[in-house]
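[1] build the 3D model from these lines:
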Amino acid sequence: MEGWMVIALRSIGAVAILFTMTRILGKKQISQLTTFEYITGIALGELAGFLSTDIEAHYMHGIVAIAVWFTIPFGLELLTLKSKRLREWFEGKATVVVKDGKILEDNLKKERFTGDELMESLRTKNVFRVADVEFAMLETSGALSVLLKNNHQPLTPAHLGIDVSPEKEPQTVIIDGNIMDEPLSTIGFSREWLSTELEKIGVTYENVFIAQVDAYGQLYVDLFDDQLQVPAPQTRALLLSTLKKCEADLELFGMATDNVTAKLMYEDCATRMKRVIETTTPLLKR
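    The predicted model follows:
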């Protein structure tokens, strides 16, 4: 067999083995790595390279070496799931680097983390003043976790005492001009509904790059042709307008009737509708 064919076949085998082992080791192996995971990744990559190109080496010897480097981290992961002490030994411990707006220089030196690196990590979190930080911790992965002081945290509905409904994730119903039936059924709609909504804005699904439906049933589309303008969804705005019209009609019926019982009924219904509008307006306007 030709040498290049041998290398190609060995490389395909090495890729298949690495892919399988990485899937078994889990997402941690391809995310922000701990020290041990970093070493394991380098070793597996080097072994796969030698296994692919070193024709004179015995193929099974390379597989055995890769299997050893796979078994050790896999076994340690199972052990560290049950032992906090082992986790700290192999993965390390997080280190506090900022507390009450003060930088802990000794902890920075211990982790060999410079002031410039600290400021850079803070800027990636959109924090430009150390004095605004209540607490910052350098994680074992090297990422910096930051807690801002209360008066510098973003304002949320909870701060204002406003209750909001749970937000469901939007469903992507068209990708590259192809309709995705599973997301459509997940959100409770059909192809006919989607076609009707696309007709309203004057586009066909073949011209849509991405289309998403949010929890309120509003359709957002991005077209292949960015020069075309698509009207913004108006479902929530129309619903709010309909509710206000209902309130106005109830008040009008109450003023128009001479029947005392009917007048009281319409006024009560109008009052209830007003409360509904006040409750739903923050949801329908956001």
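[2] next, count neighbours for Tyr205.
    16 (other CB atoms under 10 Å). Backbone N, C-alpha and C define where each C-beta goes, glycine included.
[3] for Ser190, see how far away it is.
    13 Å (CB to CB, to the nearest Å).
[4] quick check, Ile162 in a strand?
    No: Ile162: not assigned to a strand; according to DSSP: H, G, I helix; E, B strand; the rest coil it is coil.
[5] isn't it up against Thr281?
    No: if you go by CB atoms under 8 Å, Ile162 and Thr281 don't touch, sitting 10.7 Å apart.
[6] wait, doesn't Asn207 sit right on Phe224?
    Yes: Asn207 lies in contact with Phe224 (CB under 8 Å); the separation is 5.9 Å.
[7] any common contacting residues for those two?
    Listed as contacting both Asn207 and Phe224 by CB atoms under 8 Å, 6 or more residues apart in numbering are Gly177.
[8] these two: who's more crowded?
    Asn207 (15 against 12).
[9] mind listing what that one touches?
    Each residue near Asn207 by CB under 8 Å, 6+ apart is listed here: Gly177, Leu223, Phe224, Asp225.
[10] now do the helices in this protein.
    3-25, 35-53, 59-80, 84-91, 105-110, 115-124, 181-186, 191-201, 235-256, 260-285 (DSSP state H).
[11] let's test this: mean pLDDT of the longest one, rounded?
    This points to helix 260-285. Averaging pLDDT along helix 260-285 yields 84.
[12] list the helices and strands that helix packs on?
    Other helices and strands packing on helix 260-285, by 3 or more CB pairs under 8 Å, 6 or more residues apart in numbering; DSSP states H and E, are helix 235-256.
[13] same for the helix it packs on, what does it pack against?
    Applying 3+ CB pairs under 8 Å, 6+ apart, one finds that helix 235-256 contacts helix 260-285.
[14] relative to helix 235-256, how tilted is the helix it packs on?
    Put simply, helix 260-285 runs at 160 degrees to helix 235-256, going by axes from the mean of the first three to the mean of the last three CA atoms, to 10 degrees.
[15] quick one: helix 260-285 to chain centroid distance?
    Here the centre of helix 260-285 is set off from its chain's centre by 38 Å, with CA atoms, centre = their mean, to the nearest Å.
[16] what of stretch 158-174?
    With CA atoms, centre = their mean, you get 14 Å for stretch 158-174.
[17] and that stretch, how far apart are its ends?
    End-to-end distance of stretch 158-174 (CA to CA, to the nearest Å): 34 Å.
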